[in-house]
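Participant: the amino acid sequence is not available; the structure is as follows:
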């Protein structure tokens, strides 16, 4: 649970093994509520931190795997947006899309528009606008936002939104960028969600069409781009599910040697493999028939092996191989290969050798890669990477030099960096039109005519209305109370204090309020009044928070298989042998995970049996010692110091020291641990350097507490 949410509301009362290009991308800074039983039994306490490090990640998994109605209402849409930080809303009301834009494409889920030329700056230059497809007529008696069509299309929008909002993919050079969100108004009272996405030159199919002069070198570099994008998805255990030239966009580049760049788009059928194996079947891999692997199209995988979700990566590999082959021999149109391995191999060779414009060195490497990618047995297919297509040619050298620099895209002009538009900052900036729509849904829900609003959105609405002083109070109390009733822990954390601040009596008895406070502290709430819990229960709750990772907010906490492995010394050592050192896109190791969770036996085993260096650091310069301090595990800190852990190291770029986290320790351990850290090199005068980005709106980066 985030203290930012509850603290800001209270304040208002007073006033791996990766290819070079992917390794460079992954080394940057990435952004990866339940009721408590009456007896406060920890075993039965349901905490949001236990099984997921991020509500957004849980939503992604549930939505992609068809297990949730996420984004079926405006409130759910707003709730996800508040955690992604995407700029918005941009309201196309005075001039809607029918007036200001030209339709440039349409599919089953979206219609794509591009603005007509206007005098002056509109803020949408260089963008296309994707509007969900909804019938532009309705029954007068029913609010459009409550219709089944609207809710269905919001779910469609959700898959696209969640994929493009992934903190790591959002800054990848080969994934299309989502710039902002908003509403189009076909009619004055009909807000239809739209996404503002960077504009490409054209889809790859059009780029390769007859009449376009596209050299083999350009096709090769675009193939490397596609491989790079697919590798990034697979690194996050996301299956694309529908790879084909139509779902690749081509952009211009300011380079003579690398004039174009390809980016993946259309993530409506992505699959997140962080879900348990039992939830997925072959039928979940949908794709387009002409681009499917034979065992998927014919539903005969059993002749090779039983289905396992990880085989979906190999299905992607086949589609990638077909895409590359079609680019070189058939202008991006499907290629019909014989399903027999020997015949297909001969066909591939013949097709490539018939193309005299392909240099011999490149032809040889393409043939080797394609024969592997298009292997009959999916288990024999390699995963797509740019290394797989590597050829000793000037085209590859030029591509690699561009791919290794400039992968971090600057925020689009006129938008706020997503890092500084999350949580409370999102709700404080919420446009009045969106608030009005949320309040209309709230009233409809009260009458049983609409879905209930989630607790996080209700608390966000409470933060938004505080700006409407002095008329905000009734709505503030109403939204906070309903959020608390609905089980949302941050609302429960501040409920009693808000009521007391306004000299009002709580609706709930002292026992219930005690349960809520216990739950809040167990999820990281640090601002509860001392009288709310006994010292024993407070320490019990804090211990639960530490055991679940404390103030750590790294992506690995959302990977239950990694967390489970770190809980056991034997499983952790086995994990390192089978999966390698790195566990997430921030460069954390299994030793970092064990330190965060306070698993002393696992830490010992990883140092002694797995031979992991005690001072191994992640991409932000955080060592296992630092992570143990961040979570407040005194025994792990002392053991790591005995193993000569370096306490002098600070993080980059914020320069946080292990000493900055002393407050996470039990009170009785703080003095001793502080002395030991200083003796091991920690600087008592270490000063944090707040990270304030260019498009930050003047706000420093906040610690994102996600459990």
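Facilitator: Right, received. Where do you want to start? Model, not experiment: these values are computed from the prediction.
Participant: what about residue 91, how many residues nearby?
Facilitator: 16 (other CB atoms under 10 Å). No exception for glycine: its C-beta is placed from N, CA and C like everyone else's.
Participant: OK, contacts around it?
Facilitator: Counting by CB atoms under 8 Å, 6 or more residues apart in numbering, residue 91 touches 182-183, 185, 431, 433.
Participant: what of residue 329?
Facilitator: Contacts for residue 329 (CB under 8 Å, 6+ apart) come out as 335, 351-352, 354-355.
Participant: scan these and report the most crowded one.
Facilitator: residue 335 (20 neighbours).
Participant: that residue: what's it in contact with?
Facilitator: Going by CB under 8 Å, 6+ apart, residue 335 touches 322, 325-326, 329, 351.
Participant: which ones are touching residue 79?
Facilitator: For residue 79, the contact set (CB under 8 Å, 6+ apart) comprises 454, 456-457, 460.
Participant: tell me the one of those residues nearest residue 227?
Facilitator: Closest approach to residue 227 among those (CB to CB): residue 456, at 37.8 Å.
Participant: just give the number of residues close to the closest one.
Facilitator: By the measure other CB under 10 Å, the count of residues near residue 456 is 27.
Participant: again with residue 561
Facilitator: Residue 561 has 14 neighbours, counted by other CB under 10 Å.
Participant: that one and residue 466: what is the separation?
Facilitator: Distance of residue 561 to residue 466, given as CB to CB, to the nearest Å: 41 Å.
Participant: can you check residue 688 too?
Facilitator: With CB to CB as the criterion, residue 688 and residue 466 are 29 Å apart.
Participant: who has more neighbours, these two?
Facilitator: residue 466 (18 against 13).
Participant: close enough to count as contact, the more buried one and residue 475?
Facilitator: No - using CB atoms under 8 Å, residue 466 makes no contact with residue 475, being 9.4 Å away.
Participant: please enumerate the helices of the stretch 101-250 of the chain.
Facilitator: 148-164, 204-207, 216-235 (DSSP state H, counting those that start in this stretch).
Participant: among the contacts of residue 335, which lie within helices?
Facilitator: Under the assignment DSSP state H, these contribute 322, 325-326, 329, 351 to helices.
Participant: quick one on the thing from earlier: neighbour-wise, which one of the contacts of residue 79 leads?
Facilitator: Neighbour max across those (other CB under 10 Å) = residue 460, 30 neighbours.
Participant: nearest residue to that residue other than its sequence neighbours?
Facilitator: Nearest residue to residue 460, sequence neighbours excluded (CB to CB, 6 or more residues apart in numbering): residue 427, at 4.0 Å.
Participant: distance of the one you found from residue 464?
Facilitator: 5 Å.
Participant: quick one: stretch 379-389 to chain centroid distance?
Facilitator: Taking CA atoms, centre = their mean, to the nearest Å, one finds the center of stretch 379-389 at 24 Å from the center of the full chain.
Participant: again with stretch 504-514
Facilitator: For stretch 504-514, the distance to the chain centre is 37 Å (CA atoms, centre = their mean).
Participant: run through who's touching it.
Facilitator: Outside stretch 504-514, the residues within contact range by CB under 8 Å, 6+ apart are 38, 477, 481, 495-496, 499, 516, 532-533, 537.
Participant: let's see that with 7 Å instead.
Facilitator: Residues from elsewhere that reach stretch 504-514 (CB atoms under 7 Å, 6 or more residues apart in numbering): 481, 495-496, 499, 532-533.
Participant: tell me which residues of stretch 337-357 are tucked away?
Facilitator: Across stretch 337-357, burial judged by 16 or more other CB atoms under 10 Å covers 337, 344-345, 347-348, 351-352.
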